[in-house]
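> what would the 3D arrangement of this be:
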Amino acid sequence: MEKAEMLIQDIEDFRKANGCSRLVMIWCASTEVFHKPAAVHSSLREFESGLVKNDPEIAPSQIYAYAALKSGVHSPTALRTSHDIPAMLELARDRQIPICGKDFKPARRS
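Now for the predicted structure:
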């Protein structure tokens, strides 16, 4: 959770320093090791618990996606498993933030 909290603070600092009212975050780092969805991805509660426990099934891009959504930042992604997991879809719905899913194509809404 510490990494996510640091990212959330970085986002807020950037927003204030640049006088931004809206932000979009795009993940464009190196390709990650593929993670199959696991129990930690099944709900927001499980994901946040996994962040606290530093669960190895949480990919770096998922920590960025979480921080962006918690900060109210629109966050398209090219990585399928960053957002296309129940935990991130739940957070996006709760925050009413649009996200993009696979390869910058719109994610399906339930």
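
> for Lys3, what are its contacts?
Residues in contact with Lys3, defined by CB atoms under 8 Å, 6 or more residues apart in numbering, are Leu51, Ile63. Heads up, the C-betas are built off the backbone N, CA and C, glycines and all.

> can you do 10 Å?
Lys3 makes contacts with Leu51, Asn54, Ile58, Pro60, Ile63, Tyr64, Tyr66, Ala67, as judged by CB atoms under 10 Å, 6 or more residues apart in numbering.

> Ile11 too?
Residues near Ile11 by CB under 10 Å, 6+ apart: Cys20, Leu23, Met25, Tyr64, Ala67, Ala68, Lys70, Ser71, Gly72, Val73.

> go again with 8 Å.
Shown in contact with Ile11 (CB under 8 Å, 6+ apart): Leu23, Met25, Ala67, Ala68, Ser71, Val73.

> and those, which is closest to Leu7?
The nearest member of the contacts of Ile11 to Leu7, counting by CB to CB, is Ala67 at 3.6 Å.

> and stretch 56-67, which residues are buried?
Ile58, Ala59, Ser61, Gln62, Ile63, Tyr64, Ala65, Tyr66, Ala67 (16 or more other CB atoms under 10 Å).

> check the last one and give its pLDDT.
At Ala67 the predicted local confidence, pLDDT, stands at 91.

> and the helix or strand harbouring it, what does it pack against?
Applying DSSP states H and E as the criterion places Ala67 in helix 60-70. Counting contacts by 3 or more CB pairs under 8 Å, 6 or more residues apart in numbering; DSSP states H and E, helix 60-70 packs against helix 2-18, helix 44-53, helix 80-83, helix 86-95.

> now it against helix 44-53, angle please.
Relative orientation of helix 60-70 and helix 44-53, computed by axes from the mean of the first three to the mean of the last three CA atoms, to 10 degrees: 120 degrees.

> now helix 60-70 and helix 86-95, what's the angle there?
On the basis of the same axes, to 10 degrees, helix 60-70 is oriented at 10 degrees to helix 86-95.
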